[in-house]
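Asks: sequence and predicted structure, then a few things I'm wondering about:
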Amino acid sequence: MNRGRGVHELHAVCQAVSRLEDIGCNGVYSHLASAIHKDRDLTLKQLELFAQQCGIVRGYFPETIRHLSNTSAALSFTDAHPDMARVGLGMYGYCDKAGITLKPAKSVHCLLLKLRLLTKAKALVTTEHSPPKSERTEVVVINGGYGS
């Protein structure tokens, strides 16, 4: 996704930060674009690039914690969680990896604010895993999030 600095700038950024008195690097993280999909080659390429970049960062900051995986990636790619993994949804029993059933350790409870029945609904957010559009769709509004 390259939302941050490019690999070609990583040495310069690490060198500049390492010269600062009260600033360092405690952790490096990213995510896998398609850990649960069929594009295993893309995931392996991302793993290789992440390892290369972490090697550069750890050359300047040896104790840097590395984390890359969500629940599905942690279960699918053993090399994808070098120091830790982010298994937030897995704690609630959710995993989109086929053949895996998780027992929830946590649950979510929230107040239902509104229920609407839409006809000929258009998807609000569409991904390749979105359910097919139907003639009738229920949409709910919940009171959720931090501090709810």
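Replies: The structure has been received and is ready for your questions.

Asks: from now on I want contacts and neighbour counts done on CA atoms only, so please keep to that.
Replies: Fine.

Asks: quickly list the domain ranges of the chain.
Replies: Split into domains by automatic domain parsing, the chain comes to 7-92, 111-143.

Asks: how long is the shortest one end to end?
Replies: What it means is domain 111-143. Start-to-end span of domain 111-143 (Cα to Cα, to the nearest Å) is 5 Å.

Asks: likewise for the longest one?
Replies: Length of domain 7-92, first residue to last, Cα to Cα: 35 Å.

Asks: ranges for the helices of the protein?
Replies: With DSSP state H as the definition, the chain shows helices at residue ranges 10-18, 40-60, 71-76.

Asks: can you list the low-confidence ranges for the chain?
Replies: Applying pLDDT under 70 to the chain picks out residues 1-5, 35-38, 119-136, 145-148.

Asks: how about a cut-off of 50?
Replies: 1, 148 (pLDDT under 50).

Asks: picking that back up, right, and the helices of the chain - which one's nearest Val140?
Replies: helix 71-76 (26.0 Å; Cα to Cα).

Asks: got a list of contacts for the closest one?
Replies: With Cα atoms under 8 Å, 6 or more residues apart in numbering as the contact definition, helix 71-76 has outside contacts at 32, 35-36, 80-81, 85-90, 95-97.

Asks: compare the helices of the chain and give me the one nearest Gly24.
Replies: Closest to Gly24 of the helices of the chain is helix 10-18 (Cα to Cα; 6.3 Å).

Asks: buried stuff in that closest one?
Replies: Buried residues in helix 10-18, counted by 16 or more other Cα atoms under 10 Å: Leu10, Cys14, Val17.
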